[in-house]
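Peer 1: model this:
(2 chains)
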Amino acid sequence: MGTGPEVVSAGHALYNRTCTACHGIDGGEGERAPALVGDRRFFRLSENSIFDTIRGGIPGTAMPPFSLPDDDLWRIVVFIRAMRGSASETDVPGNAQQGMAVFTGKGGCMQCHTLNGRGGSIGPDLSNVGAQVTLKHLQESLTQERPIPADYRPVKVVTREGKTVEGIAKNEDAFSIQMLDYQNKLHLYDTNELRQIVPGKTSLMPHNYDKVLTAQEYQDLVAMLARQVHTTLHVHQDGEGEVGR
Amino acid sequence: MKGVALCIVLIMVLTIASSLTAQITDKDLLQPPGDDWLSYHGSYDSQRHSVLDQIKLSNVGSLVSKWVYHVPGAGGLQSVPIVVNGVMYVTQPNEIYALDGQSGRLIWHYQHILAKAPDREGPNRGAAVFEDKVYFTTTDSFLIALDAANGNVLWQSKIAEASDGYHSPAAPLVAKGKVMVGVTYGDRGLNGFLDAFDAKTGDHLWRFNSIPKPGEPGGDTWAGDSWQHAGGATWLTGSYDPELNLLYWGIGNPSPDFNGDVRKGDNLYTDSMVAVDLDTGKLKWYFQFTPHDVMDWDGAEIPVLVDARFDGKMRKLLVQADRNGFYYILDRATGEFLHGNRFATQLNWASGLTPQGRPVLVPGIEPTLTGTKVCPSSIGATNWMSPTYSPQTGLFYFVALEGCGLATKNTEKFRPGGFQYRAGGDVLLRDDTWKVYVRALDLITGKQVWERERIGSTSLGGGLLSTAGGVIFSAELNGEFVALDAKTGRIVWHFNTGQPINAQPVTYMFHGKQYVAIASGSDIFGFALFEPEKLSGD
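Peer 2: Numbering: from 1, shown residues only, chains lettered A, B, ... in the order given. Now for the predicted structure:
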């Protein structure tokens, strides 16, 4: 049966039919049962134990046993695993090579992001993003306004001498601020040296890639990013793709 | 057309603007330590003497801790902070942090993820910088280059096979666009080497092997096939003379450490100072401090380069206080032995040095099956903690340990995969005579001018820094960070950091204020002169 996209998709359908009466949709919290996806460290159940839990229920709780065919149970397990796993552990359909072309071309992603040693620095390095976030997180970053990560908040400061510096705040407290400007230069200020600190309100990350890209381009981009795991950067082995696992 | 031209001009302006952020040039690296602290030793000559004098004898008493940065999960930090324009780079094994040098606040952090957890063994002694990059090495033997502004990884190059047991603990040295890195462990029978990589691309350029093979010069100093598991680690950062274009690297002990029966001969180039051509990696000269060492007395101690008058004429000198208890002066152009004298009071293995600088052995003072008292102990009469030289006083300062060990040998065999291969050891005889000192020697005569005991320290601890303010900063294993009068050794300031110190102090200047910094235990401390705080308030 495998763990491919079509199995995940079938599992998704089964999950929505069978589980969402209690659990929330797409792994979120439901009215009668907890979220199945969240911070990964809370979920250490193996696939086998997820399977057993669905088939046998959890005695003493509202979680009942389900008498679905074993194959369908496995499809649900595969779906839950896909929701929980890092993006790189998930089989994401799409052409990674085309996705790379979108990343470096139409998407304009390299203006802000570094990938394997090349690109901008005003956004996070994405060389290992496939191992760091879930597929859901990855998709939401591209399509929804999300909270600004703590060390990527846009900010403008004006010094007592009247000089203006714009960039992102890598760190800040009441007494000092550490900024990276848009020319990739660091600025370190004691707040006594500053007349004004103006925080930006929204993330610099565009979140309309599902609209400005075609459906295929978007899927290819997601597929490429999902495969980004940090391997040896300098020495590539023969036969290994640009994103080897 | 005009629009296109304007566009090109704009692109050029932007390019120039961004290239201005490429910070460190070859010329910067040729300067003595001043506002910045750009390398493990502060400068190529490894004198660790800063030209800064805002903090001086008359005001050092009002030095206070301005900030502490706790390095998450850190053990005993050995990292020497590198400071560029107020940005401080510190490391712990497989991790590097950029800090604000005036507030101690984190700017960015990078963690190298290991393929296998057991590769995580300490220590890491620090980073290096060149142009817009910062470099550090990992416990699974990679050299990693990151963008100094944001911590993004630009490239990483493999130095050695971690599965063989290799690990790269020393801070890299950058010179003329090359990054030099060494390896350990000589105590596991792994043959050491010094590698050079291209600073821009990470391409491997050359390798100097510490252990010559049969048929090569020096290959006949290893009996049989003992050269195959012979040690000679390159585990500390060396020095560089830009005029001679020579690198100076101290080479570690032979393997197995304590049983020399299986490796008869002088065992080159272990326990030696080697001079290697920067462009080619070829050996120019060597000087062996301890031929056929059986006490783990690595010759890795820091080579300090000084131009000074010797026997009436100016010479390019290399001085080293060696783990074997002797102080050496070499001509660093030729490797000629110029002078040597014992600095350790407790020294029983040699009665002196020949005119060529070879130790005159005392028969029977070596590890045996039942144990023999050997002085100094295997820790050595000094070790890897950095010495300093002050041109103001003409004195060479270093940390000395007086003590002996009961040394035994056994028949342990080499096992591949990075296992210990010492074939013996010594029981440290920590009696009343076991003491740690900061000592000041006259550079040329090697005579002791003063000493200051590190009371309460059970071993060597951290190293030294001298400044144009006439102060020696001294980092003690008992946690005390101490300032001494460079002329007399009198204590002029101290601060209890609360954890054992096993690192070297640095100093730098930012926004008109001189700082002194040191890694202590799991924390980095920044010190500056006291001034009442001005808070903007609301």
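
Peer 1: going forward, measure contacts and count neighbours with C-alpha atoms only.
Peer 2: OK.

Peer 1: which residues does residue A:204 contact?
Peer 2: residue A:154 (CA atoms under 8 Å, 6 or more residues apart in numbering or on different chains).

Peer 1: cutoff 10 Å now
Peer 2: By CA atoms under 10 Å, 6 or more residues apart in numbering or on different chains, the contact set of residue A:204 is A:112, A:122-123, A:148, A:152-154, A:168.

Peer 1: Next: residue B:497.
Peer 2: By CA under 10 Å, 6+ apart, the contact list for residue B:497 reads B:65, B:68, B:475-476, B:478-481, B:518-521, B:523-525.

Peer 1: again with residue A:53
Peer 2: A:45, A:47, A:59, A:63-66.

Peer 1: and the nearest residue to residue B:254 once chain neighbours are set aside, how many neighbours?
Peer 2: For residue B:254, ignoring the flanking residues on the chain, the nearest one in space by CA to CA, 6 or more residues apart in numbering or on different chains is residue B:231 at 4.7 Å. By other CA atoms under 10 Å in any protein chain shown, the residues close to residue B:231 number 30.

Peer 1: And residue A:1, by the same measure?
Peer 2: By other CA under 10 Å, neighbour count at residue A:1 equals 9.

Peer 1: ok, back up a step: tell me which two of the contacts of residue A:204 sit farthest apart.
Peer 2: Greatest spacing in those, by CA to CA: A:112 and A:148 (14.5 Å).

Peer 1: Give me the pLDDT for residue 178.
Peer 2: Going with chain A. Residue A:178 is assigned 97 on the pLDDT scale.

Peer 1: please go with chain B instead
Peer 2: The model reports residue B:178 with a pLDDT of 98.

Peer 1: from chain A, which residue is nearest to chain B?
Peer 2: residue A:117 (3.8 Å; CA to the nearest CA).

Peer 1: Quick check, that residue in contact with residue A:127.
Peer 2: Yes. The criterion here is CA atoms under 10 Å, and residue A:117 meets it with residue A:127 at 8.0 Å.

Peer 1: neighbour-wise, which of these two wins?
Peer 2: Between residue A:117 and residue A:127, counted using other CA under 10 Å, residue A:127 has the larger neighbour count: 24 against 20.

Peer 1: got the contact list for that one?
Peer 2: Taking CA under 10 Å, 6+ apart, we find residue A:127 in contact with A:113-118, A:225, A:227-231, A:233, A:243, B:152-153.

Peer 1: Next, check those against the helices and list the overlap.
Peer 2: Counting by DSSP state H, the contacts of residue A:127 place residue A:225 in helices.

Peer 1: Give me the below-cutoff pLDDT ranges for chain A.
Peer 2: Applying pLDDT under 70 to chain A flags residues A:38-45, A:231-245.

Peer 1: Can you pull the domain assignment for it?
Peer 2: Using automatic domain parsing, the domain parsing of chain A gives A:5-84, A:96-146+A:205-226, A:150-199.

Peer 1: in the stretch 101-250 of chain B, which spans are strands?
Peer 2: B:106-111, B:128-130, B:133-137, B:142-147, B:153-158, B:173-175, B:178-182, B:193-198, B:204-209, B:239-241, B:246-250 (DSSP state E, counting those that start in this stretch).

Peer 1: how much space between the closest residue to residue A:135 other than its chain neighbours and residue B:83?
Peer 2: Spatial nearest neighbour of residue A:135, excluding adjacent residues (CA to CA, 6+ apart): residue A:87 at 4.2 Å. As defined by CA to CA, to the nearest Å, residue A:87 lies at a distance of 38 Å from residue B:83.

Peer 1: Ok, residue A:212 next?
Peer 2: For residue A:212 relative to residue B:83 (CA to CA), the value is 44 Å.

Peer 1: higher neighbour count, those two?
Peer 2: residue B:83 (28 against 12).

Peer 1: Any quick ChimeraX command for the buried ones out of the contacts of residue A:204?
Peer 2: For the buried members of those, the matching ChimeraX selection, counting by 16 or more other CA atoms under 10 Å in any protein chain shown, is:
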select /A:112,122,123,152,153,154,168
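
Peer 1: filter the contacts of residue A:204 down to the ones close to chain B.
Peer 2: Near chain B, judged by CA under 10 Å from any CA of the partner chain, the entries from these are A:122-123.

Peer 1: For residue B:422, state which of the contacts of residue A:204 is nearest.
Peer 2: Ranked by distance to residue B:422 (CA to CA), the contacts of residue A:204 are led by residue A:123 at 49.3 Å.

Peer 1: Pull the contacting residues for that closest one.
Peer 2: Counting by CA under 10 Å, 6+ apart, residue A:123 makes contact with A:109-114, A:149, A:151-153, A:168, A:203-205, B:150.

Peer 1: ditto for residue B:192
Peer 2: Counted by CA under 10 Å, 6+ apart, residue B:192 has contacts B:166, B:182-186, B:208-211, B:229-235, B:251-254, B:269-270.

Peer 1: okay, now residue 230: neighbour count?
Peer 2: Because you didn't say which chain, this covers chain A. By the criterion of other CA under 10 Å, residue A:230 has 21 neighbours.

Peer 1: could you do chain B instead?
Peer 2: Residue B:230, neighbours per other CA under 10 Å, totals 31.

Peer 1: OK, contacts around the nearest residue to it once chain neighbours are set aside?
Peer 2: Leaving aside its chain neighbours, residue B:230 sits nearest to residue B:255 (4.6 Å; criterion: CA to CA, 6+ apart). Residues near residue B:255 by CA under 10 Å, 6+ apart: B:185-191, B:226-233, B:262-263, B:267, B:270, B:293-294, B:296, B:414, B:420-423.

Peer 1: cool, residue B:98 as well?
Peer 2: By CA under 10 Å, 6+ apart, the contact set of residue B:98 is B:81-83, B:87-91, B:104-110, B:134, B:148-151.

Peer 1: Show me what counts as buried in the longest strand anywhere in chain A.
Peer 2: Counting residues, the longest strand in chain A under DSSP state E turns out to be strand A:164-172. For strand A:164-172, burial by neighbour count (16+ other CA under 10 Å) applies to A:165-172.
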